[in-house]
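>>> Build me a model from this:
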Amino acid sequence: MKPLILITGPTGSGKSDLSVVLAKKLHTEIISADSVQVYRGFTIGSGKITPQETEGVVHHLIDIKEPEEFYSAADFYEAAMPIFDKLWQRGKIPIVCGGTALYIHSLIYELNFSEKPSSETRDRLNRLYDDRGLDYMVALLKEKDAAVAEAVDLNNPRRVIRALERIETGHVETEQLRKKRKGIDPLYIVLDWAREDLYSRINRRVLKMVDGGLFEEVEGLYKSHGGDVKPMGSIGYKEVVTYFKGEWDEETTIEKIQQHSRNFAKRQMTWFRKEEDAVFIPMSELTKDAALEKILELEREKYGTDCGFKGD
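The predicted structure follows:
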């Protein structure tokens with residue numbers, strides 16, 4: 001059984017910062033599990049770590065795709081495993097950092113990636129959306145798999161349709177069909193904040209993104225790639241596109257990003273709380289140093305001092 005540390009949690013929980021200090025302690029590298037950070041140019045709105053913030057720690061699977069390219073949980077798994085193998089061969093424990101639940105689950109569960117959704121399936125669901133609207137599609141998704149619906153941005157038609165595609169082709173595990181993946185023994189860490197603290201962090205994070213040039217970033221991406229590429233449907237991007245279409249003013253746009261981010265964080269935590277092996281770190285009660293020490297203690301308890309996967 002190979003060791004693997006998963007640092008996950010809701011948006012705005014401080015995953016990137018804590019993963020960097022942990023990686024430095026363990027002399028290892030970080031694999032990003034974020035479905036937007038894989039795309040080049042989508043930097044500010046995705047909270048992508050800057051070169052300065054990495055503090056020299058190697059990060060993988062960031063800026064590896066053009067916005068027009070398709071990237072799925074299956075692609076993430078196939079890209080991550082060779083990186084894990086190289087680190088294990090060097091006696092290192094890989095650290096996976098990110099909040100995309102299906103990417104995390106691809107490492108834990110034996111999901112069915114044998115078939116990709118057909119164009120016929122996608123066209124049929126798109127026609128159904130055109131005919132019946134978003135509310136109908138959301139109700140259909142909840143009926144088919146309530147657990148998946150809790151983790152999807154239900155205000156985003158693209159995400160709802162994509163989730164239905166995955167379900168119909170067997171790409172999403174239901175609670176009854178989950179089967180643990182063999183060969184990997186993950187330490188599953190979830191950064192857990194009190195709701196008021198998390199929501200305050202999210203609101204401040206959005207304001208920091210705006211001050212850092214979010215609107216300018218989205219304007220440039222929209223001019224270069226249009227509004228139909230997959231990452232443009234993500235929170236922080238879709239709202240600014242609506243602003244540029246003249247439907248919202250700037251203040252409303254910022255409030256919508258904050259609201260949608262808070263809603264997404266709530267769905268993420270609902271998803272993570274279903275994980276029986278997850279260890280929740282009470283971040284509102286701990287300093288960052290104390291949280292780090294808690295994770296290192298859990299790592300020592302789980303893998304032991306003689307497991308052969310220690311830093312230098």
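
>>> the bottom helix or strand of this structure by mean pLDDT?
Every helix and strand in the chain was compared by mean pLDDT, DSSP states H and E; the lowest is helix 146-150, with a mean of 75.

>>> Check the offset of that one from the chain's centre.
16 Å (C-alpha atoms, centre = their mean, to the nearest Å).

>>> And stretch 241-248, by the same measure?
Relative to its chain's centre, stretch 241-248 lies at 26 Å (C-alpha atoms, centre = their mean).

>>> Mean confidence (pLDDT) on it, please.
Rounded to a whole number, the mean pLDDT of stretch 241-248 is 95.

>>> separation between residue 18 and residue 29?
According to C-beta to C-beta, to the nearest Å, residue 18 stands 15 Å off from residue 29. Just so you know, the C-beta spots here come from the backbone N, C-alpha and C atoms, and that holds for glycine as well.

>>> just residue 71 next, same as before
To residue 29, residue 71 is 20 Å away according to C-beta to C-beta.

>>> do the same with residue 208
Distance of residue 208 to residue 29, computed by C-beta to C-beta: 27 Å.

>>> Residue 236: how many residues sit nearby?
When neighbours are counted by other C-beta atoms under 10 Å, residue 236 registers 26.

>>> Give the burial count for the residue lying closest to it once chain neighbours are set aside, as a bare number.
Nearest residue to residue 236 in three dimensions, chain neighbours excluded: residue 45, at 3.5 Å (C-beta to C-beta, 6 or more residues apart in numbering). For residue 45, the neighbour count with other C-beta under 10 Å is 27.

>>> Which strand or helix spans residue 45?
Using DSSP states H and E, residue 45 is not contained in any helix or strand.

>>> from memory it sits against residue 214, does it?
Yes: with contact defined as C-beta atoms under 8 Å, residue 45 and residue 214 form a contacting pair (5.6 Å).

>>> hey, what's in contact with both of these two?
Taking C-beta atoms under 8 Å, 6 or more residues apart in numbering as the contact rule, residue 45 and residue 214 both touch 236, 240.

>>> what bits of this protein have low per-residue confidence?
111-118, 147, 151, 169-178, 305-312 (pLDDT under 70).

>>> Try it again at 80.
Counting by pLDDT under 80, the chain contains low-confidence ranges at 110-120, 145-148, 150-153, 166-182, 305-312.

>>> So for it, the centremost residue is which one?
residue 100 (2.2 Å; C-alpha atoms, centre = their mean).

>>> give the contact list for that residue.
With C-beta under 8 Å, 6+ apart, residue 100 has these contacts: 33-35, 73, 76.

>>> picking that back up, would you mind pulling up the elements that the least confident helix or strand of the chain packs against?
When contacts are defined as 3 or more C-beta pairs under 8 Å, 6 or more residues apart in numbering; DSSP states H and E, helix 146-150 packs onto helix 134-144, helix 157-168, helix 250-272.

>>> can I get those helices in TSV with distance to residue 299 and mean neighbour count?
Shown next, in TSV, are these (distance: least, C-beta to C-beta, whole Å; neighbours: other C-beta atoms under 10 Å):
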stretch	distance to residue 299	mean neighbour count
helix 134-144	37	15
helix 157-168	33	20
helix 250-272	19	18
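
>>> Roughly how far does the closest residue to residue 98 other than its chain neighbours sit from residue 91?
Leaving aside its chain neighbours, residue 98 sits nearest to residue 33 (3.0 Å; criterion: C-beta to C-beta, 6+ apart). Noted for residue 33: a distance of 23 Å to residue 91, by C-beta to C-beta.

>>> higher neighbour count, the two?
Relative neighbour count places residue 33 above the other of residue 33 and residue 91, with 27 against 14, counting by other C-beta under 10 Å.

>>> was I right about that one contacting residue 77?
No: if you go by C-beta under 8 Å, residue 33 and residue 77 don't touch, sitting 10.1 Å apart.

>>> shared neighbours, the two?
By C-beta under 8 Å, 6+ apart, residue 33 and residue 77 have these common neighbours: residue 103.

>>> before we move on, the earlier item: could you identify which of the contacts of residue 100 has the most neighbours?
The most neighbours of any of the contacts of residue 100, using other C-beta under 10 Å, belong to residue 33, which has 27 neighbours.

>>> check contacts around that residue.
Neighbouring residues of residue 33 by C-beta under 8 Å, 6+ apart: 6, 8, 61, 76, 80, 96-100, 103-104.

>>> give me that answer again for 6 Å
Residue 33 is in contact with 96, 98, 100, 103-104, counting by C-beta atoms under 6 Å, 6 or more residues apart in numbering.
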